[in-house]
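Asker: pasting the structure only:
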């Protein structure tokens, strides 16, 4: 009698992966250090409070032991503060770890679409590997076939006793036509980003750190510049992201857009784009004489018109602007709609939940197509 191999799923109770006491605390520490904008003392103070409430440590491994391990592993160092006192601060190694955690939190949640559900026509024969697999189609070159995955499929589909490899078992590593993208990410750091009892700056920082880590590791030929805008706009380095704070600023969207376009003019890549994360209306512009015109009451027509002019200018330069609006006020949505129409870009009205996934999906979509 021929042996039949039954296929199915085996379910068992979830078992958490084994982690050392240091690893468990380090996961929490990285989250806290992001929320405290790189303030080590404040992060440890919060960690001690969490330890009291949830018994994170025991007599064998304490918070003080954790701090010593952070020193030994190179995650913190002694530093001299602005007031002349000494203290502990995080190192570049910790900054990289925070960016990687942000990437895992956001990019790890994205659902990978199956074959036939691509958002672009340019997935297929190409020279840039995506790290994903798809079904073999007639015309795919033989060197693109993933032998390991194909043999695995054959064993699952036919069993070892009656092993055979058919066309339906074959999978190939998906590739993309190589395209390079230059992106400027604008982050609103006006005071409203921490008003109304909601921390909006931390999710924005996480998105920026995750996007930076994605580009530097997966798309090293792409470029990412980050700028912040309040009363004025200025660029910040990727390493400065964990320390980013909100200031007592108005919202000078015009200055941010002008700086973003100046940055992109210097890039040689054909594909260029601006991502803007903001939660409020434009309320400030800088005049030619260096003075500031500010108005926080409603939408000021003078300020708004200057925003529309910048949107049109970006369109002439073939730079699409994608606005991620963390606000639901109808009059603000009306402004963003008109702003988006002037640029022929895109707008998303979103809360903080899902912001990262939305930006990542839009980035992946845009870099797979030629932006004209």
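Answerer: Great, that's in hand. Source: prediction; values computed, not measured.

Asker: now do the helices in the chain.
Answerer: Counting by DSSP state H, the chain has these helices, from start to end: 21-35, 40-54, 63-72, 92-107, 147-158, 201-218, 253-265, 301-316, 330-343, 355-367.

Asker: mean pLDDT lowest for which of those?
Answerer: Lowest mean pLDDT within these: helix 147-158, at a mean of 78.

Asker: show me what that helix is packed against.
Answerer: strand 171-176 (3 or more C-beta pairs under 8 Å, 6 or more residues apart in numbering; DSSP states H and E). (Glycine included, C-beta is placed from N, CA and C.)

Asker: could you pull up the mean pLDDT of the strand it packs on?
Answerer: 70.

Asker: what's the answer for stretch 223-241, then?
Answerer: Regarding stretch 223-241, the rounded mean pLDDT is 96.

Asker: show me which residues of that stretch are buried.
Answerer: 223-231, 233, 236, 238, 241 (16 or more other C-beta atoms under 10 Å).

Asker: about what we covered before: for residue 292, which of the helices of the chain is the nearest?
Answerer: Closest approach to residue 292 among the helices of the chain (C-beta to C-beta): helix 253-265, 10.0 Å.

Asker: helices and strands around the closest one, which ones?
Answerer: strand 181-188, strand 223-229, strand 233-236, strand 271-278, strand 284-286, helix 301-316.

Asker: what sits up against the fifth one?
Answerer: What that stands for is strand 284-286. Residues outside strand 284-286 that contact it (C-beta atoms under 8 Å, 6 or more residues apart in numbering) are 231-232, 249-252, 254-255, 292-295, 302-303, 306.

Asker: 7 Å - rerun?
Answerer: Here strand 284-286 makes contact (C-beta atoms under 7 Å, 6 or more residues apart in numbering) with 231, 232, 250, 251, 252, 254, 255, 292, 293, 294, 303, 306.

Asker: please apply the same query to stretch 60-74.
Answerer: Outside stretch 60-74, the residues touching it (C-beta under 7 Å, 6+ apart) are 21, 22, 25, 44, 47, 48, 51, 57, 76, 91, 93.

Asker: now the residues you listed in JSON lines, with distance to residue 268?
Answerer: Supplementary listing: the contacts of stretch 60-74 in JSON lines, determined by distance: C-beta to C-beta, whole Å:
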{"residue": "21", "distance to residue 268": "49"}
{"residue": "22", "distance to residue 268": "44"}
{"residue": "25", "distance to residue 268": "45"}
{"residue": "44", "distance to residue 268": "45"}
{"residue": "47", "distance to residue 268": "45"}
{"residue": "48", "distance to residue 268": "50"}
{"residue": "51", "distance to residue 268": "51"}
{"residue": "57", "distance to residue 268": "52"}
{"residue": "76", "distance to residue 268": "39"}
{"residue": "91", "distance to residue 268": "33"}
{"residue": "93", "distance to residue 268": "32"}
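
Asker: quick one: buried ones out of those residues?
Answerer: 21, 22, 25, 44, 47, 51, 57, 76, 91.

Asker: how many other residues sit next to the residue nearest to residue 192 when sequence neighbours are not counted?
Answerer: Spatial nearest neighbour of residue 192, excluding adjacent residues (C-beta to C-beta, 6 or more residues apart in numbering): residue 280 at 4.5 Å. Using other C-beta atoms under 10 Å, residue 280 has 21 other residues around it.

Asker: how near is residue 280 to residue 367?
Answerer: Distance, residue 280 to residue 367, by C-beta to C-beta, to the nearest Å: 29 Å.

Asker: next: residue 359.
Answerer: Where residue 367 is concerned, residue 359 sits at a distance of 12 Å (C-beta to C-beta).

Asker: repeat that for residue 135.
Answerer: From residue 135 to residue 367 the distance is 23 Å (C-beta to C-beta).

Asker: give me the more crowded residue out of these two.
Answerer: Neighbours were counted for residue 135 and for residue 367 using other C-beta under 10 Å; residue 367 has more, 21 against 15.

Asker: quick check: the more buried one touching residue 181?
Answerer: Yes. Taking C-beta atoms under 7 Å as the definition, residue 367 is a contact partner of residue 181 at 4.2 Å.
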